[in-house]
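1. coords below, sequence missing:
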């Protein structure tokens, strides 16, 4: 039975009769009139610097999230997979759930006192979401990969996003992005403090077409597909799924390492295993984020 002004006062978005910055960002009709940097600049790039699509998204930050996602869907690829279910499955270059989480985090956590726009940059092989302002004091990038509290820079915005169901639980967004990408068979997103904070999503280059183009044999391609699904492979595992001898497995795994398709963890013997080559820290974090069943296999002899 309360009028909107009373609700905004109870939410502490209006104080002493004046709207807070959070109120302007969330509900203002002309948000950029008061905060010109409160926009999302989206771009699609070709060959590094050639811009083939560009859009400056204004409006409330809730509207900006939706329109940024529209721009992303327009500029990334989707394929349709028949699964036997009545409806075909849409498989995008990157999981839309993870991308939306990154955009929401960017507008929710950015520093609005910095005169720079939030950015979404789409390239042929990656997608970057960047926001002005680094991590809040007391939080490091490494801590993002562990259970951590959510230190909100913009509490008014964060509270409303939570009430609207745009964020589920404070501090859970990073883990959601990681798991969603890993479950889709993609590289784990990278999180960096780079003149602010950015999330980098990378495409899955390890398709059968790409692997065949490297001159791999059918056994090697099968092994790489196994690593994509399970997170790692051992020499013994290679022998089992390809039905070859240990010397052959060793030779073909070494060839995959030489071609930079996989990387070896451990030197020789017990505890040696292989993961996809996507940067040592990234692959190790992705591996550590796999299921408990796969973790129990870690360190076993191949």
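-> Nice, thanks for sending it over. Keep in mind that this is a model prediction, so the values were computed, not measured.
2. Would you map the helices across the stretch 1-150 of the chain?
-> 4-10, 21-27, 31-34, 61-75, 96-109 (DSSP state H, counting those that start in this stretch).
3. which regions of the stretch 1-150 of the chain sit below the pLDDT cut-off?
-> 83-84, 148-150 (pLDDT under 70).
4. if you set the cut-off to 80 instead, what comes out?
-> Along the stretch 1-150 of the chain, the parts satisfying pLDDT under 80 run over 47-48, 81-89, 136-138, 143, 145-150.
5. With the stretch 201-302 of the chain instead?
-> In the stretch 201-302 of the chain (pLDDT under 80), the answer is 204-207, 209, 267-270, 277-302.
6. now the helices for it?
-> Under DSSP H, counting those that start in this stretch, the stretch 201-302 of the chain gives helices at 208-213, 218-230, 235-242, 246-258, 280-288, 292-296.
7. Now do the third one: everything it contacts.
-> Outside helix 235-242, the residues that touch it by Cβ atoms under 8 Å, 6 or more residues apart in numbering are 219, 222-223, 226, 244-246, 249-250, 252-253, 272, 301-302. Every residue, glycine included, has its C-beta placed from N, CA and C.
8. now, among these, which is nearest to residue 63?
-> residue 226 (43.7 Å; Cβ to Cβ).
9. got the contact list for that closest one?
-> Contacts of residue 226 by Cβ under 8 Å, 6+ apart are 233, 237, 241.
10. Is it possible to get JSON lines of the helices of the stretch 201-302 of the chain that adds distance to residue 120?
-> JSON lines is the format used below for the helices of the stretch 201-302 of the chain (distance: least, Cβ to Cβ, whole Å):
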{"stretch": "helix 208-213", "distance to residue 120": "26"}
{"stretch": "helix 218-230", "distance to residue 120": "27"}
{"stretch": "helix 235-242", "distance to residue 120": "39"}
{"stretch": "helix 246-258", "distance to residue 120": "34"}
{"stretch": "helix 280-288", "distance to residue 120": "21"}
{"stretch": "helix 292-296", "distance to residue 120": "33"}
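11. Nearest to residue 118, out of those?
-> helix 280-288 (23.9 Å).
12. any idea how far the most centrally placed residue in the chain lies from residue 90?
-> Taking Cα atoms, centre = their mean as the criterion, residue 189 is the residue nearest the geometric centre of the chain, at 4.0 Å. With distances taken as Cβ to Cβ, to the nearest Å, residue 189 is found 20 Å from residue 90.
13. pretty sure residue 118 is in contact with residue 35, am I right?
-> No: assessed by Cβ atoms under 8 Å, residue 118 is found out of contact with residue 35, at 11.6 Å.
14. Who has more neighbours out of those two?
-> Set side by side, residue 118 and residue 35 show more neighbours around residue 118, with 24 against 15, by other Cβ atoms under 10 Å.
15. Tell me what the more buried one is bridged to.
-> Note on residue 118: beta-bridge partners residue 40, judged by DSSP bridges.
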